[in-house]
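Q: Let me see the structure of the following:
(one chain, ligands or ions: 1)
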Amino acid sequence: MTNKSELEHLDEKKIEQSHLDDVIELVKTTEDRLKSHLEIAERDLEVINNAFDDIHVGMDGDAISFDAALSIHQQQQMLDERNNSWQQNRQRLDILKRLEKTPYFARLDFQEKGEPKRETIYIGMSSLTDQNDHFLIYDWRAPISSIYYDGNLGEVHYQSPDGDQEVDLFLKRQFLIENGKITSFFDTQETIGDQMLLEVLDEKSSTHMKGIVKTIQKEQNKIIRNTDSKLLFVQGAAGSGKTSAILQRIAYLLYRYRGNLTSSQVVMFSPNMLFNDYIKDVLPEMGEQNMVQMTFIQYVARRLPNLSVETLAEKFEHDENSNQKQVSKFVADNEFFKILTNYSELLNQSGISFRDLKFQGKTFISKEKISEIYYSFGQQYNLGNRLDATVERLIKMLHRKIGAEMRSKWVQERIENLSQEELQALYNTADQEFKSGDNERKFLARKIVTKTMQKVYNQINHLRFINVSANYLHFLQAVSKVADLSKYDITNEQWDKYVNEFIEDMNNKRISMNNITPYLYLYDLITGKHGELDMKFVFIDEIQDYTPFQLAYLKFKFPRARYTMLGDLNQSIFTKKNSQTLLSEVQSLFNADETKVVQLTHSYRSTKQITNYTKSILTNGQKIEPFNRDGDLPNVIMSDSIKGSVARVVDQLQKNYEQNFTTAIITKTLEEAVALQKDLQQQEVPATLIKSENQRLAAGTIVLPSYLAKGLEFDAVIVWDASKDKFDEDEQQLIYTITSRAMHKLTITAIGELSQLLQRIPEKYYTVE
Ligand SMILES: Nc1ncnc2c1ncn2[C@@H]1O[C@H](COP(=O)(O)OP(=O)(O)OP(=O)(O)O)[C@@H](O)[C@H]1O
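A: Numbering: from 1, shown residues only. The predicted structure follows:
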């Protein structure tokens with residue numbers, strides 16, 4: 001830079017700072033205005049609440065007059081409205097407080113095609129207008145803001161509600177602002193310049209994920225702003241910003257469809273609960289509410305509270321032999337989904353198993369009778385309305401039974417033996433009067449029988465008379481007759497074994513991950529349960545760990561939703577898929593013209609040195625391009641005993657600490673994590689053991705098993721015990737997942753000899769100590 005241009009730059013900075021000061025001033029006045037609105041609203045709420053109390057006090061006994069009821073209703077409505085607007089204003093105030101520190105991060109100068117004048121706009125986390133509705137800040141999600149992320153200078157396009165718009169872009173300026181002061185700014189030709197990205201990526205990791213609004217990349221912007229695909233499938237390398245991009249996408253969608261979309265109509269399936277905790281601040285920091293978030297296991301297991309469902313740890317540490325693998329593959333397949341769907345159609349003629357409905361230990365309506373009723377409805381009925389009609393009929397029978405039962409001996413005896421308190425509890429009012437003793441008896445008899453029969457009523461309404469496990473068992477038994485198992489390399493004996501394991505599990509009140517989804521699917525088909533029609537967007541992260549069956553089931557459960565699926569086929573730690581099969585299986589669930597596939601190949605998380613190392617682990621890997629950020633080469637520490645290796649880990653922790661790096665030590669299994677943390681404790685090295693997904697990430701050194709590290713990232717990672725034969729050949733993806741968690745520093749430890757999977761990596765990519 002010449003002196004002149006330096007001077008110009010300084011002048012320019014002054015002008016920008018003075019503009020920034022003006023904007024901050026306006027933010028502050030807007031804040032003050034809002035605060036006084038809030039105070040008034042709070043006082044109003046108090047007044048309404050007090051009035052409410054007065055109405056309640058004014059009511060005589062239980063009889064509510066029509067006027068009082070109306071008044072309560074009106075007051076309630078008013079209260080709700082005020083509460084809502086108070087809530088909205090509160091949220092807006094939080095946003096303004098953030099804007100006060102950093103109102104915007106970019107400026108664009110452009111001229112819209114056909115317009116006479118150039119325009120200058122500033123882009124920030126949220127929009128801000130002055131008294132004349134003139135925009136001082138544009139929300140990063142506004143249509144025009146798109147050109148900040150997408151375009152180079154010159155002619156660029158963006159999508160507005162009126163269609164494609166063309167503009168001539170003259171200037172793209174980025175600001176770094178701290179507490180209301182511009183620390184630096186730079187004009188860029190590029191999409192989002194490397195300089196700003198580099199500064200962001202150089203920051204330290206934290207126990208909570210950060211938003212990426214200022215530096216969204218062009219490819220990521222495509223994902224964020226896509227609105228026309230039914231299925232948006234994102235394949236991205238480790239650290240390519242898949243998770244970051246979907247969180248921004250959710251914020252974008254909530255903005256774009258404001259008024260028609262609420263956060264409860266967006267659900268995200270994530271790899272584990274630890275990850276949920278990790279990402280939970282991103283949306284609130286953008287002024288949006290979090291979506292519904294859960295893991296697939298949570299989603300299915302909550303429907304079967306009486307069965308214990310295989311856990312993440314059990315699933316990961318359960319070693320299958322090759323026969324079992326074949327069966328697991330078959331029951332996880334799309335084909336199996338179809339077989340089950342077809343089987344359910346046969347059930348419309350015959351075959352559903354029922355349970356006796358019991359009352360006081362005796363059969364009240366037998367399963368044969370229920371079956372007779374169920375199949376008495378004509379061919380035009382489907383499974384769902386057949387069941388509804390059956391429920392209706394059973395309830396009628398129950399009512400008849402109540403009438404008959406009222407005269408029975410046990411009821412008469414019960415009435416005679418009622419204590420004064422019990423009597424009082426049965427009467428509608430304390431001083432209830434009856435025309436005759438007979439009337440009173442009838443009243444009490446009905447109350448007693450209805451109360452006792454309530455259980456049966458609940459059983460009918462909750463469909464307890466359907467024997468779900470017997471139905472599922474019949475289905476499993478029928479599979480070997482309706483499907484050609486040899487096509488899947490499965491013998492009849494192997495299949496029988498699988499069926500017997502299901503029976504054994506049921507006897508022990510357990511269910512495997514393999515069975516739970518087909519089990520629920522059959523239940524839903526029998527009960528005719530429609531999916532959740534209200535859900536508008538479904539996000540599935542780490543898609544590679546889902547089976548085609550599970551995906552088909554989710555599609556069935558959320559039939560109207562648009563899907564965003566993200567994954568990295570190189571990180572399949574459960575399904576161990578190594579090809580594009582998943583993508584084609586997923587695509588088969590959607591129309592090709594409604595599907596969009598996006599590839600993210602740049603990896604932002606790790607230094608160039610770490611990415612070069614981790615990508616060499618993959619022999620069949622996708623294209624991965626490191627981001628040009630420098631750091632140390634990964635180091636491999638060889639020891640000849642566990643004790644020696646622990647001592648070296650302690651040294652490395654100290655070195656990382658000196659560089660201000662937080663370290664995660666990742667072990668393959670939970671057992672190893674527990675043992676290692678104990679060893680560290682003995683050496684008085686503090687480290688938190690994360691042994692379950694229900695825990696939270698802690699600050700400082702942590703030790704955790706591989707399957708809990710999914711989706712997370714740490715300044716420094718130490719891979720514990722990557723010794724020879726520790727990882728099988730098909731566990732390439734697992735070791736890739738572990739190592740790719742490191743942002744700035746990666747260390748591998750091994751005892752005796754290094755894992756054969758890591759020996760293949762070219763020596764130039766690491767050092768050995
Ligand atoms: N455009 C961006 N600007 C700034 N940081 C980014 C950007 N994209 C990604 N990052 C950073 O890169 C890191 C990795 O991002 P993220 O966790 O979203 O990747 P991922 O593809 O979901 O990774 P994985 O599949 O390995 O879990 C995060 O620290 C994120 O903040």
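
Q: Quick one: name the residues of the chain near the ligand.
A: 197, 200-201, 210, 212, 215-217, 220, 236, 238-244, 568, 604-605, 711, 713, 740 (Cβ under 6 Å from any ligand atom). Just so you know, the C-beta spots here come from the backbone N, C-alpha and C atoms, and that holds for glycine as well.

Q: Which among those residues count as buried?
A: Buried by 16 or more other Cβ atoms under 10 Å: 197, 201, 212, 215-217, 220, 236, 238-244, 568, 604-605, 711, 713, 740, out of these.

Q: Report the contact partners of L423.
A: Residues near L423 by Cβ atoms under 8 Å, 6 or more residues apart in numbering: L444.

Q: and K210, which of the three is it?
A: coil (DSSP: H, G, I helix; E, B strand; the rest coil).

Q: Look up phi and psi at it.
A: Main-chain dihedrals, K210, degrees, to the nearest 10: phi -110, psi 160.

Q: rewinding a little: out of the buried ones among the residues of the chain next to the ligand, which sit inside strands?
A: G236 (DSSP state E).

Q: Out of the buried ones among the residues of the chain next to the ligand, name the ones that lie in helices.
A: In helices, defined here by DSSP state H, the members of these are L197, L201, Q220, K242, T243, S244.

Q: Export those as CSV, with columns for pLDDT.
A: Formatted as CSV, those follow (pLDDT from 0 to 100):
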residue, pLDDT
L197, 77
L201, 76
Q220, 91
K242, 91
T243, 90
S244, 91
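
Q: remind me, longest helix of the chain?
A: In the chain, assigned by DSSP H, the helix with the most residues is helix 3-58.

Q: between the ones in helices among the buried ones among the residues of the chain next to the ligand, which is closest to K329?
A: Nearest to K329 out of these is K242 (Cβ to Cβ; 25.9 Å).

Q: pretty sure the closest one contacts Q544?
A: No. Judged on Cβ atoms under 8 Å, K242 makes no contact with Q544 at a distance of 11.2 Å.

Q: between those two, what contacts are shared?
A: Residues within reach of K242 and of Q544 at once, by Cβ under 8 Å, 6+ apart, are G567, D568.

Q: re earlier: if you count contacts, what does the longest helix of the chain end up packed against?
A: Judged by 3 or more Cβ pairs under 8 Å, 6 or more residues apart in numbering; DSSP states H and E, the packing partners of helix 3-58 are helix 66-101, strand 128-129, strand 135-139, strand 181-187.

Q: Going by contacts, tell me the helices and strands next to the next helix or strand after the first one.
A: Heading C-terminal from helix 66-101, the first helix or strand you meet, by DSSP states H and E, is strand 106-112. With contacts defined as 3+ Cβ pairs under 8 Å, 6+ apart, strand 106-112 has these neighbours: strand 119-124, helix 146-150, strand 163-178.

Q: One more pass at 10 Å, please.
A: Counting contacts by 3 or more Cβ pairs under 10 Å, 6 or more residues apart in numbering; DSSP states H and E, strand 106-112 packs against strand 119-124, helix 146-150, strand 154-160, strand 163-178, strand 181-187.

Q: Most tightly packed of these?
A: Comparing the helices and strands packed on strand 106-112 by mean neighbour count (mean count of other Cβ atoms under 10 Å), helix 146-150 comes out on top with a mean of 22.

Q: Identify all contacting residues around that one.
A: Helix 146-150 is contacted by residues 105-108, 110, 121, 123, 138, 140, 156-160, 165, 167, 169, 172-174, 191-192, 213-222, 224-225 when judged by Cβ atoms under 10 Å, 6 or more residues apart in numbering.

Q: Give me the neighbour count for the residue nearest to A41 when sequence neighbours are not counted.
A: For A41, ignoring the flanking residues on the chain, the nearest one in space by Cβ to Cβ, 6 or more residues apart in numbering is W86 at 4.8 Å. By the measure other Cβ atoms under 10 Å, the count of residues near W86 is 16.
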